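1. would you be able to build a 3D model of this:
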Amino acid sequence: MMDQRNSTRERILSAAEKLFAEKGYKETTTREIVREAGASLSSLQAHFQGKENVYFEVRSQAIEELYQFIRPSLEEVAYMDRLGQLYGETAWNLLHEVISKYTVWCFDPKNRYAITLVSRELLDGAPVQGLPEEKIEASLAAAQRLFLRYVGVEEGDWALLAGHTVFLSIINMAGSSHKNIWPEARYFKFSQTQEQVKYHVKNYVLLTLRAYLDIQKAALRGSPASADRTDTAEPG
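-> So this is what the prediction gives:
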């Protein structure tokens, strides 16, 4: 009986994530969710007590999965910071790791609906309150700290802006790439495979970010930034 209840719950969550991504929170009804899930309204009420809790669970689950995927890198950032070694190439290598992991998660086809929900929330705001956004903020805070430590300063509003720009750029490009595998969105196509798009997005972001940070570092030191940074990105 427990396995059947869990199966129904997961079917409802899976159906809801798909519908919320395609139609938005307001336009999706509980009847549509249970029809898509092959469940009943009474089962949705029993598990979630309404649409708002369904959305909360869908988004919380995606946030938690992303956080757990990146957490080892975030813990390494905190550890090296405590040792006083979070500077220069150490900071860059950890930044490279965080951004690479984030890109892998965003481009994973199983996360295609989660990415669309994030994009909707960025435009319209989260439709429900209380989501564990502190876990997303932890990733942004780690990136901001790495930007600052690589450059060699302790604070700067530019680092927060740069962090948001990097992560949003990856989300947007991943969302566009996922449309290639949506049957209902055949009008939008990249000429390259999704794996190739991921490769180019990651390398472009890393190369551009390294150049930007070197400009910031050069401005701090009053010297020209190095122009040769083609070795900072890696394939795959």
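2. list the helices and strands the helix or strand that contains Lys217 packs on?
-> Using DSSP states H and E, Lys217 falls within helix 194-221. Helices and strands touching helix 194-221, by 3 or more CB pairs under 8 Å, 6 or more residues apart in numbering; DSSP states H and E, are helix 88-107, helix 133-151, helix 157-178. Quick note: C-beta positions are derived from backbone N, CA and C, even for glycine.
3. among those helices, which gets the worst mean confidence?
-> For the helices and strands packed on helix 194-221, the weakest mean pLDDT is recorded on helix 157-178, namely a mean of 86.
4. chain center to that helix: distance?
-> In terms of CA atoms, centre = their mean, to the nearest Å, the centre of helix 157-178 is set 8 Å apart from its chain centre.
5. measure how the helix holding Lys217 sits relative to helix 88-107, angle-wise.
-> Calculated by axes from the mean of the first three to the mean of the last three CA atoms, to 10 degrees, helix 194-221 forms an angle of 150 degrees with helix 88-107.
6. identify the residue spatially nearest to Ala143, adjacent ones excluded.
-> Spatial nearest neighbour of Ala143, excluding adjacent residues (CB to CB, 6 or more residues apart in numbering): Gly163 at 4.2 Å.
7. residues touching the one you found, list them.
-> Gly163 sits next to 140, 143-144, 147 when contact means CB atoms under 8 Å, 6 or more residues apart in numbering.
8. out of these, the closest to Leu207 would be?
-> Using CB to CB, Phe147 comes nearest to Leu207 of the contacts of Gly163, at 15.4 Å.
9. from Thr29, how far off is the nearest residue to that closest one once chain neighbours are set aside?
-> Of all residues not flanking Phe147 in the chain, Ala159 sits nearest, at 4.1 Å (CB to CB, 6+ apart). Distance of Ala159 to Thr29, computed by CB to CB, to the nearest Å: 43 Å.
10. so these two - more neighbours on which side?
-> Per other CB atoms under 10 Å, whichever of Ala159 and Thr29 has more neighbours is Ala159, with 23 against 12.
11. OK, contacts around the more buried one?
-> Counting by CB under 8 Å, 6+ apart, Ala159 has contacts 144-145, 147-148, 151.
12. again, only this time at 7 Å
-> 144, 147-148 (CB atoms under 7 Å, 6 or more residues apart in numbering).
13. quick one: which of those is most hemmed in?
-> Within the contacts of Ala159, neighbour counts (other CB under 10 Å) peak at Phe147, which reaches 25 neighbours.
14. that older thread, nearest to Arg82, out of the helices and strands packed on helix 194-221?
-> Closest to Arg82 of the helices and strands packed on helix 194-221, according to CB to CB: helix 133-151, at 12.1 Å.
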